[in-house]
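Engineer: Please find the sequence and the predicted model below.
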Amino acid sequence: MKIIDLEPGDPRLTADLLPVLRELRPHLTEELFLGILAEGHGQGLRFTAAYDADGVCVGAAGWRLVATTALVRKLYVDDLVTAAAARSTGVGHALLAHLEEHALAAGCTALTLDSGTQRTDAHRFYFRERMAVTAFSFEKPLSRRGPRRGGGAAAGMTVVDPLYG
């Protein structure tokens, strides 16, 4: 298995990594993904791909280094997904080990991620990887429908969240 950190502009981001990432995030179109990558890169977002012996992308990880008051510095995993056909073959373990190396090299105190409550198979994997549930993650979906207040170019724009409609 070959693990590769992909740089912005690398065509493998959309050709190889995005199809695997869409198994976890089906709402991502190429246009939306590239927009998120453009904005997120300035916020530290990076992507790593795992390739099998045949050169097929079988795993994807989105991650960033984050300074926090709680952990000082951590590596936060936005996305971790193994292609359905390659699950239970060590891809997730290899990606996490690679990210842990990044975290240690950057002086992080922890590697963290959030996982949807319905993803029980993923939770079993994280426990096998010696991860612990250390906090609850709370979310309040926000959507703005109708005209925005204020002026400028965004006045009158309708914003619809791609996850919640």
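Structural biologist: Happy to help now that I have it.

Engineer: Please verify my assumption that L17 contacts A49.
Structural biologist: Yes. Contact criterion C-beta atoms under 8 Å: L17 and A49 qualify, at 4.7 Å. Yep, even glycine has a C-beta here, placed from its N, CA and C like the rest.

Engineer: what touches both of those two?
Structural biologist: Residues touching both L17 and A49 (C-beta atoms under 8 Å, 6 or more residues apart in numbering) are 6, 57, 60.

Engineer: Give me the distance between the longest helix seen in the chain and the centre of its chain.
Structural biologist: Counting residues, the longest helix found in the chain (DSSP state H) is helix 91-105. Counting by C-alpha atoms, centre = their mean, to the nearest Å, helix 91-105 is centred 14 Å from the centre of its parent chain.

Engineer: Tell me the buried residues in it?
Structural biologist: 91-96, 98-99, 102-103 (16 or more other C-beta atoms under 10 Å).

Engineer: any idea of the mean pLDDT in it?
Structural biologist: Model confidence over helix 91-105, given as mean pLDDT, is 98.

Engineer: Repeat that for stretch 35-43.
Structural biologist: Averaged over stretch 35-43, pLDDT sits at 96.

Engineer: Pull out the buried positions in it.
Structural biologist: In stretch 35-43, counting by 16+ other C-beta under 10 Å, buried: 37, 40.

Engineer: most neighbours, which of the shared contacts of L17 and A49?
Structural biologist: In terms of neighbours by other C-beta atoms under 10 Å, the shared contacts of L17 and A49 top out with A60 at 28 neighbours.

Engineer: Run through the bridge partners of that one.
Structural biologist: Per DSSP bridges, the residues bridged to A60 are A49, V81.

Engineer: how far away is it from R22?
Structural biologist: Noted for A60: a distance of 9 Å to R22, by C-beta to C-beta, to the nearest Å.
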